[in-house]
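Colleague: starting from these lines, generate the structure:
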Amino acid sequence: MTVKPNLAFVIEDNADLADIYGRVLKSAGFEVETFSDGRTAYDRLAAEPAPKLVLLDMHLPKVTGNEIAWEMWFSLEDSSIIIITADEEMAAIYQNKEGVDNVLIKPVPLDILSDLVRPYLNPVS
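Modeller: Numbering: from 1, shown residues only. As a prediction, the model looks like this:
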């Protein structure tokens, strides 16, 4: 599947947080698509183009963040995942998991998120 290098998905059911995360990504230079439920995001992941970066909440309606992460690992190997969760136990599970680029615990300082996402646009070779 073709990955669009400046495309990022925000998969977050809290509309305010999704808006904030989307603004951070846009200010970094990403084109952003936002999804408020897991089913819609899951279905979109099967279509072209694929995102370079996904900010993924784990507790989503309809399809969980865990299911989305598994699907990405199997079908979108060139996409990167940053998990954002308020659940510290969930964060610990994914902290060193292969296929997860980073795990952030809510509330996420926006300067940290901004600094973290910028290198995905211009990776060092």
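
Colleague: per-residue pLDDT, residue 34?
Modeller: Per-residue pLDDT puts residue 34 at 98.

Colleague: so where do the helices sit in this structure?
Modeller: Applying DSSP state H to the chain gives helices spanning 15-28, 38-44, 65-75, 88-94, 110-117.

Colleague: which elements pack onto the second one?
Modeller: So the one you mean is helix 38-44. Contact partners of helix 38-44 among helices and strands, from 3 or more CB pairs under 8 Å, 6 or more residues apart in numbering; DSSP states H and E: strand 3-11, strand 31-35, helix 65-75. C-beta: built from backbone N, CA, C; applies to glycine.

Colleague: if we go by neighbour counts, what in the second one is buried?
Modeller: Just to be clear, that refers to strand 31-35. Under the neighbour-count criterion of 16 or more other CB atoms under 10 Å, strand 31-35 has 32-35 buried.

Colleague: got it, and the first one?
Modeller: Residues 3, 5, 7-11 are the ones in strand 3-11 that count as buried (16+ other CB under 10 Å).

Colleague: try stretch 49-64
Modeller: For stretch 49-64, burial by neighbour count (16+ other CB under 10 Å) applies to 50-58, 60, 63.

Colleague: circling back: adding distance to residue 98, write the helices and strands packed on helix 38-44 out as a markdown table.
Modeller: Conversion of those to a markdown table gives the following (distance: least, CB to CB, whole Å):
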| stretch | distance to residue 98 |
| --- | --- |
| strand 3-11 | 19 |
| strand 31-35 | 24 |
| helix 65-75 | 8 |
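
Colleague: among these, show the one with the smallest mean pLDDT.
Modeller: helix 65-75 (a mean of 91).

Colleague: against which helices or strands is that one packed?
Modeller: Helices and strands in packing contact with helix 65-75 are listed as helix 38-44, strand 50-57, strand 80-85; criterion 3+ CB pairs under 8 Å, 6+ apart.

Colleague: dump these to a markdown table, plus mean pLDDT and distance to residue 109.
Modeller: A markdown table is the format used below for the helices and strands packed on helix 65-75 (pLDDT from 0 to 100; distance: least, CB to CB, whole Å):
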| stretch | mean pLDDT | distance to residue 109 |
| --- | --- | --- |
| helix 38-44 | 96 | 24 |
| strand 50-57 | 96 | 14 |
| strand 80-85 | 96 | 12 |
